[in-house]
Structure formats: C-alpha cells, structure tokens
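In: 3D model of this:
(chains A and B)
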Amino acid sequence: MPKQKSSQNIEKVRHSLAHLLAMAVLEKYPKAEIGIGPTIENGFYYDFGEISISDTDLPAIQKRMIELIKQNLVFKKENASLAEAKKLFRNQPYKLELITELHKAKKSITIYKTFSIVKSQKSLVSSQFIDLCAGPHIKSTSEINPDAFKLTKIAGAYWRGSEKNPMLTRIYGLAFESKKELDDYLKMMEEAEKRDHRKIGKDLELFMFSEDIGPGLPFWLPKGMVIREELEKLAKEEETKSDYVRVWTPHIAKSKIYETSGHIPYYQDSMYPAIKAEDGDYYLKPMNCPFHYIIFKNKSHSYREMPIRIAEYGTVYRYEKSGELLGLFRPRGFTQNDAHIICSAEQIKKEFLGVMEMHSRYYKMFGIKDFYMRLSLRDPKNKEKFIDNEKMWRYSERVLKEAMEESCLPYEIGIGEAAFYGPKIDFQVKSVIGKEYSVSTSQLDFSAGPRFELTFINNKSKEETAFVIHRSPLGSHERFIAFLIEHFAGAFPLWLAPVQAVVIPISDKQKEYSASIAEKLKANNIRAALSDANETLGKRIREAELQKIPYILIIGEKEIQNQTINIRYRNKEGLSAEAKTKVEEIKIEKLIEKIKEEIEKKII
RNA sequence: GCCGAUGUAGUUCAGUGGUAGAACAUUUUCUUGGUAAGAAAAAGGUCGUGGGUUCGAUUCCCACCAUCGGCUCCA
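Out: Numbers count the residues shown, from 1 in each chain, chains lettered A, B, ... in the order given. Below you'll find the model as predicted:
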C-alpha cells in the first residue's frame, strides 16, 4: 500500500517539476512560448517555442527551480471558461490551440496556478505561474526533494509530434523521491553505456564505419564476421528443418518492380537514388520481397506444393534520413534474415504459428527473456497510410490475432503500427539503456498476391491468389548482433565467440608446447589463438579477459610435466571474486571434448 | 530531414591566437614472468573539410561533412 501511494506521488512530483521548469524558463526567457510538460518514465519534460538555449544554460535553470521549490509554492486547481482561458493564455499560441480543442471536444478547461504564501498573513498571494493542465499536482513544493531531480538534456521535438509542425525545444529532467534513487539511476545509465554496442564493437574489433565509404554502411571486421557466419549457419539449419528453400537474388533492379510493389510511391524518399543506365533506371534493392515473388513466378504451382518458403540472407539498402542513423541498429545497408512464405488463405494461421515457434526457439537459445510481442494493426482513423481494402484488413487482422492467441505468448496491440500492406507481429526487446526496439517482424501481406499475380492452381483446378508472410526472426545481422553485443556485454557464448580459446604460455620455454595445443584445438574446429607476445603473464591474461575470450588456457612447466592444461574461465558477471579466478587442470583430450560439446549444445 | 552538442595520434582524452601533449596501443631493447597492466627508448598528428577575420588560426567567425543526445521516420 505505501509503495503504491508513493509511486502515485512521484508522478505528481514529476508533473509539478515540469511546471516549475516552465516557470523558471519563463522568468529567464519571457518571450518563450510554452507547449506541454508531461511526466515520462523516470522524469518529465517541457517543450518551449521561441527560445534559444543550450545545455550550458541548464544548471542556471535548475538552480532557479530549487529556489522555487524552497519557497514552498502552492499548486491550486481552478476551472476556467473558454473566454477566461483564452484571455489568460493570449500570448501562448500552443496553449490557445489546446484550449480550442478542449472546447471543441466539450471537455472542461482546468488550470493550475502556482502561488507563494506569505507566512505572516497565512494567505495566498501573487499567482506566479498559470498553466493549462488537467493535473493532478502535489499540494506544495515542500513535497519535492530538491536533491532528487536533475535537468538532463535539451532536444528538439515537433509540436504534437508532427514533422509538419514547428520544432520546439524540449528540456528533459529526471526526478525521483530520493537523491539515492537519482544517483542509482545515473549510475545505472553509466553502466549501461559501457555495454553500448558501438563501444564494444570498437573495443572488440567487430565492425567499423568509414566516412570515405558513407554513413550507415557498416564494415564487418574478421571477429564480427565470425558472429555473422555463425548466425547464418544457425538460420540455414533451422530453416532447412522447417522446409524453407534458400535462394540468392541480385542487389539492383529496374524501377518497374518497385512500382509494382508500391514501394516507389510509399518509400522513394528512403531509397538510394536511381542508377541511370542505357536501358532505364536501376535501384539498389530496399527489400527482398519482389525478388522472391519473381522466383515463385518462375514456374506454375499446384496447391500440393504450397506453402512455398523462400529464404535468403538478403542485403538491402535504405537511404535512412541522416539523423535516424544509429550504429548497427539503424544502418543504411544491412543483411536480413529474410524469407517469404507464399501460402493459401487456409494456411496462414498455421504458417504464422510456425514462424512464432521459430522465434521462441531462437529467443530461448540466446537467453532472451525480456521481450514481448506487438500485434501491429492499422489505425482505422488514419487510413491513408494503409492500403485501402477494408475486407482484407479485417480478415488479416483477425487471423493474426487468432494465431497470436494460440501461440500463448504475451503480446500487446499497437494501433497504427502495421505495414502499409498488412498487419504484423513485432518482437520487441529493450536495449540495455532502456530503449525499446523491434528486433524482428513478421508480416501478413494480402496485397502482394494480387499486385504480383502470385497464384497457384487449387484442388478445383482454378487459379487462386496466394497470401505472403514476410518474416525475419533474426532481424538483420546488423540489428541482431547489435542487440546480442549489448545483451551479452560482449561476452558471447562459446559458440558465437570470435576467439573461443587462447593459449598462454607462462614463459618462452612453454611456447612450443603451447603452439601445439593451439594447433590441436584448431584441428578440432575450435577458434583458438596463441598469446605468446613478450609481455608478462598478468598482462596477457588481462588482454584475454578484456577480449572476453571464454577459455583462457595457461601452460607452465607443471602442465607440461602433467600433460594437462590449466583453464581460467572468462570472468562472468555476478560471480564471487573467488569463482571468477577459479582455475581447473584438465587433459587436452578432455578439454577438446568439453569445448566441442559446449559449442554443439550452444550453451549460453 | 529538424533542434542541440561534439570533432586534436590507431584508441581514450588534455591543451593553446605564435605551426601541439598524456595514457594505452604499435616498433625495438632489456626482462622469462603462475592467473587483470614489468622497464626503457623510438616512431606516430595538414588539430574533420573548405572559406573568412588576422602579421599569424588547431584556437575566433561562417558554411559543409561526420558522430552523439532527442524529435520525426523505419517497407
């Protein structure tokens, strides 16, 4: 009970802080226009127009907010008539817009006034700040802990989230009940930053970018390539088991195909511009779908062979807007774990369930527990974003919902999140820094069938139009590996580790024997390295630990005599100091057996 | 694309209106070390790119590019 109450209170505190922020900003920048100031996870923000500030101005604003808090200002709610409200906010265009809308929607207009109290008179005086607001708020700023909040950053944000509107300046703040919670949160974010895939990718030499090549175009370095290839191997195995067939398709194509697909009208802005050739315009492919349809159409199909599952690790290029690029999460060139299941209407549900089972297997394999699925439907109020086919939307959304229910996996519904050609199921995970994103997506497409004339002959000898399921359980190599890097903090499970074992001779005397051990490991398909540089043992162990190599094998005189190997296991988080440095002596044959088994079973 | 910030050696970062410095990494030498950094020396930079101001710009101003934090978008 008390916890519940306190969590409600912090919401009020955060909201009240947003008002104080607006108050402090208006004092310092009287011409500023105020937008909205809601609470968010861990804090609050407020949007301002007609203001020019940078993060160096934040400490002064925060200082003023603390002064305001210490004045024990009182929040008071009032109802206002349309005329009163319009008068109060006559210089605030954004507020006027909201007032007009509230009035139109026949909702009551409430305002919050912030007063200061003159102690001697015990009465309220001088309303210092008035905001259009539904509340609720705390009674007085004495409820705010001035040490438990912090203005963190400045960002641009479109008024009401639309690109068409002016861009306002958003000031973000964190707020908690105690200073300790704030400090803990800041500490946590600091720790999370250490797991950032961009940092680890550089430290472990997994991938890189080059300004000379172009933004958003990743290079896979030898160690990162190992992970890519392991994932690809996994996908091939799993897909073969599930009766997929594999293909390879070209990377450029004539424009006609994208006109048929509808991508040119919908997505031309985010495609690389055309390559001009004598016989017309060619585009880098932004998706693999039409190519797989063409393969399907290469011959006629009977209902007996349906469904047909065409798979490819397909490389695509999308000209994402410059500000949208984000390491491997949002590159411009990436390779998808793609496949298209072309099936009849009756087969949709079963195929979808199969796709979801495949997801579950993968997620279990990687130990991904913190995820949920989002059933993404169209927004019936915003139909222009979606293909106009009421009947098909209803049918598709119903089938997907049924499949979702039958899968027994937890899911949420995302209105307006559907693809333009059909509903989808996205697998949502959270990155270490708390950012949520879709790792993979499975979509039902009822428009590709008629558009591309994807048909098969049914059991009544009639031509029947097929449905398409787009699916990519492992997303793209880029996004999935970015996720795995953060998920494992760079300490990949043995089967994915770029270097699986490093052999470290204590001195030059054991160099030759150590080299022979490394060779033996390699002969058994174990990715092994020899660390025989002219450095101290401690340093070479440190380097192996920093490289997060799972098996560190130490060889000294004793090991040569006993014909054994001394294993130091990679430091694992959560282990006691003692367990971290646990060592074990083992015969080489037994070690190879152990490592091979661990790789085979993909132990995490 | 929009708002804000940043850009100095391979990496992480100091610093300055008078053509630059540390640590780690690299190379060489010494050291042969029993579980997370042994020592010394050397080499390494058109201070993101292009303009402008100035006797002189890496430093100040402008533009562009890239990256980062957000917004928008993500077939």
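
In: what sits against the nearest residue to residue A:39 once chain neighbours are set aside?
Out: Closest residue to residue A:39 apart from its sequence neighbours, by C-beta to C-beta, 6 or more residues apart in numbering: residue A:14 at 4.0 Å. All C-beta spots, glycine's among them, are computed from the backbone N, C-alpha and C. Residue A:14 makes contacts with A:39, A:40, A:43, A:44, A:175, as judged by C-beta atoms under 8 Å, 6 or more residues apart in numbering.

In: could you do residue A:88 as well?
Out: Here residue A:88 is in contact with A:80, A:111, A:130 (C-beta under 8 Å, 6+ apart).

In: go with 10 Å
Out: Residues near residue A:88 by C-beta atoms under 10 Å, 6 or more residues apart in numbering: A:80, A:95, A:96, A:99, A:109, A:111, A:113, A:130, A:131, A:132.

In: ok so, going back, and the furthest pair within the contacts of residue A:14?
Out: Across the contacts of residue A:14, the two members that end up farthest from each other (C-beta to C-beta) are A:40 and A:175, 9.9 Å apart.

In: neighbour-wise, which of the two wins?
Out: residue A:175 (26 against 13; other C-beta atoms under 10 Å).

In: residue A:542 versus that one, what's the distance?
Out: When distance is defined by C-beta to C-beta, to the nearest Å, residue A:175 is 40 Å away from residue A:542.

In: residue A:533 - how many residues pack around it?
Out: When neighbours are counted by other C-beta under 10 Å, residue A:533 comes out with 9.

In: just say helix, strand or coil for it.
Out: Following DSSP: H, G, I helix; E, B strand; the rest coil, residue A:533 is assigned to coil.

In: contacts only, for the residue nearest to it when sequence neighbours are not counted.
Out: Nearest-residue entry for residue A:533: residue A:540, 6.8 Å, with adjacent residues in sequence omitted and distances by C-beta to C-beta, 6+ apart. Going by C-beta under 10 Å, 6+ apart, residue A:540 touches A:502, A:504, A:505, A:506, A:531, A:532, A:533, A:534, A:552, A:554.

In: and the residue in the stretch 101-250 of chain A positioned nearest to RNA strand B, how many neighbours?
Out: Proximity of the stretch 101-250 of chain A to RNA strand B (C-beta to the nearest atom of the strand) peaks at residue A:156, 2.4 Å away. Residue A:156 has 10 neighbours, counted by other C-beta under 10 Å.

In: ranges for the strands of the stretch 101-250 of chain A?
Out: Applying DSSP state E, counting those that start in this stretch to the stretch 101-250 of chain A gives strands spanning A:109-118, A:123-132, A:149-158, A:167-175, A:207-208, A:219-220, A:245-246.

In: counting contacts, what elements does the first one pack onto?
Out: What that stands for is strand A:109-118. On a contact count with 3 or more C-beta pairs under 10 Å, 6 or more residues apart in numbering; DSSP states H and E, strand A:109-118 meets helix A:2-28, strand A:74-80, helix A:82-88, helix A:93-104, strand A:123-132.

In: single out the most deeply packed of the ones you listed.
Out: helix A:2-28 (a mean of 18; mean count of other C-beta atoms under 10 Å).

In: how close does the residue of the stretch 101-250 of chain A closest to RNA strand B get to residue A:51?
Out: 11 Å.

In: can you tell me the closest non-neighbouring residue to residue A:453?
Out: Closest to residue A:453 by C-beta to C-beta, 6+ apart is residue A:297, at 7.2 Å.

In: who are the contact partners of the one you found?
Out: Here residue A:297 is in contact with A:342, A:452, A:453, A:454, A:455 (C-beta under 10 Å, 6+ apart).

In: quick one: neighbours of the fourth one, just the number.
Out: When counting by other C-beta under 10 Å, one arrives at 22 neighbours for residue A:454.

In: quick revisit: where do the contact lists of residue A:156 and residue A:51 overlap?
Out: Counting by C-beta under 10 Å, 6+ apart, the residues touching both residue A:156 and residue A:51 are A:168, A:169.

In: need the helices for the stretch 201-350 of chain A, in chain order.
Out: A:222-241, A:256-261, A:263-267, A:289-296, A:348-365 (DSSP state H, counting those that start in this stretch).

In: distance of the closest residue to RNA strand B within the stretch 201-350 of chain A relative to residue A:213?
Out: Distances between the stretch 201-350 of chain A and RNA strand B by C-beta to the nearest atom of the strand are smallest at residue A:323, namely 2.2 Å. Per C-beta to C-beta, residue A:323 is found 19 Å from residue A:213.

In: please say which of these two ends up with more neighbours.
Out: Ranked by neighbour count (other C-beta under 10 Å), residue A:323 and residue A:213 place residue A:213 first, with 12 against 8.

In: report pLDDT for that one.
Out: For residue A:213, the pLDDT comes out at 93.

In: dump the residue contacts of it.
Out: Counted by C-beta under 10 Å, 6+ apart, residue A:213 has contacts A:219, A:333.

In: sorry, back to before: shared neighbours, residue A:40 and residue A:175?
Out: By C-beta under 10 Å, 6+ apart, the residues touching both residue A:40 and residue A:175 are A:14, A:18.

In: got any ranges where the stretch 201-350 of chain A has weak pLDDT?
Out: For the stretch 201-350 of chain A, no stretch has pLDDT under 70.

In: what parts of it come near RNA strand B?
Out: Residues of the stretch 201-350 of chain A lying close to RNA strand B (C-beta under 7 Å from any atom of the strand) are A:202, A:209, A:211, A:214-216, A:263, A:266-267, A:270-271, A:286-287, A:289, A:318-327, A:330.

In: just the buried ones out of the residues you listed, please.
Out: The neighbour count (16 or more other C-beta atoms under 10 Å) marks A:209, A:216, A:263, A:267, A:271, A:286-287, A:289, A:318-319, A:326-327, A:330 as buried among these.

In: could I get these as JSON lines with distance to residue A:593?
Out: Output for those, formatted as JSON lines (distance: C-beta to C-beta, whole Å):
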{"residue": "A:209", "distance to residue A:593": "41"}
{"residue": "A:216", "distance to residue A:593": "44"}
{"residue": "A:263", "distance to residue A:593": "52"}
{"residue": "A:267", "distance to residue A:593": "52"}
{"residue": "A:271", "distance to residue A:593": "52"}
{"residue": "A:286", "distance to residue A:593": "47"}
{"residue": "A:287", "distance to residue A:593": "44"}
{"residue": "A:289", "distance to residue A:593": "45"}
{"residue": "A:318", "distance to residue A:593": "46"}
{"residue": "A:319", "distance to residue A:593": "50"}
{"residue": "A:326", "distance to residue A:593": "42"}
{"residue": "A:327", "distance to residue A:593": "39"}
{"residue": "A:330", "distance to residue A:593": "43"}
